[in-house]
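Participant: next input, structure requested:
(one chain, ligands or ions: 1)
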Amino acid sequence: MKLNRRDFIKISGATAAGVAVSGLGFDLSPVKSHAQILKTKYAKETTTICCYCAVGCGAIVHTSKRGDGRVINIEGDPDHVINRGSLCSKGASIKQLVENENRLTEPMYRAPYSDKWETVSWEWALGKIAKNVKETRDKGFTKKNAKGQVVNRVTNIASVGSAALDNEECWIYQALMRSLGLVYVEHQARI
Ligand code: SF4
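Facilitator: Numbers count the residues shown, from 1 in each chain. From the prediction side, this is the model:
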């Protein structure tokens, strides 16, 4: 059964009206939500944290059980202590981060002084990133500070994590940055 938002509101309204009218006859049997039936029957639920800001609202991600694992819905987590099921307009749109035909699927490179982006292979892009990081880190690595204390830090590279990284991706990302010795590690949610 396909149900859009308008249909759902109509059915919910009709059901509520039915209960109100039959309230005179005291028909208080539990009311089933059609939307919930659809989600739990065909989807797996996973909890996550909205990636957009430091409020840290909880969300439930529904992924299809029909083999492709696609995200079919994301909504506020009613059990989450911060937002109790609500999401702002940004948070309500996070499904678009994964299901969006406008997403880039190949790495792009803009050469120094160029005004154009060009599509490059993943192999080339990862090699270029690794080479740049290695060269820069070797130049800026500090083993000991002015007092002779071991610090093993890198201060000539900074990192600003993407708005499209979720909680778990952020953890892995910062662990990698700190393993390189970076001390300037940020995420856009704190800016
Ligand atoms: S839903 Fe809105 S308020 Fe909540 S974390 Fe996301 S962006 Fe911030």
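
Participant: what's the helix or strand encompassing residue 123 packed up against?
Facilitator: Element membership for residue 123 (DSSP states H and E) is helix 122-140. For helix 122-140, the packing partners by 3 or more C-beta pairs under 8 Å, 6 or more residues apart in numbering; DSSP states H and E come out as strand 108-109, strand 150-161. Yep, even glycine has a C-beta here, placed from its N, CA and C like the rest.

Participant: out of the ones you listed, flag the one nearest the ligand.
Facilitator: For the ligand, the closest of the helices and strands packed on helix 122-140 is strand 150-161, at 14.9 Å, according to C-beta to the nearest ligand atom.

Participant: which outside residues touch the closest one?
Facilitator: Strand 150-161 is contacted from outside by 133, 136-137, 139-145, 170, 173-174, 177, 180-188, 191, using C-beta atoms under 8 Å, 6 or more residues apart in numbering.

Participant: same thing but 7 Å
Facilitator: Identification of contacts with strand 150-161 by C-beta atoms under 7 Å, 6 or more residues apart in numbering yields 133, 136-137, 139-145, 170, 173, 177, 180-188.

Participant: buried ones among those?
Facilitator: Applying 16 or more other C-beta atoms under 10 Å to the contacts of strand 150-161, the neighbour count classes 141, 170, 173, 177, 180, 181, 182, 185, 187 as buried.

Participant: what are the structural domain limits within the protein?
Facilitator: Per automatic domain parsing, the domain ranges recorded for the chain read 43-98, 108-187.

Participant: what parts of the chain come near the ligand?
Facilitator: 50, 52, 53, 55, 56, 57, 83, 87, 88, 90, 91 (C-beta under 6 Å from any ligand atom).

Participant: what's the burial count for the fifth one?
Facilitator: Residues within reach of residue 56, counting by other C-beta atoms under 10 Å, total 15.

Participant: so where do the helices sit in this protein?
Facilitator: For the chain, applying DSSP state H gives helices covering 5-22, 34-42, 95-98, 122-140, 167-179.

Participant: dead centre of the chain: give me the residue that sits there.
Facilitator: residue 166 (3.8 Å; C-alpha atoms, centre = their mean).
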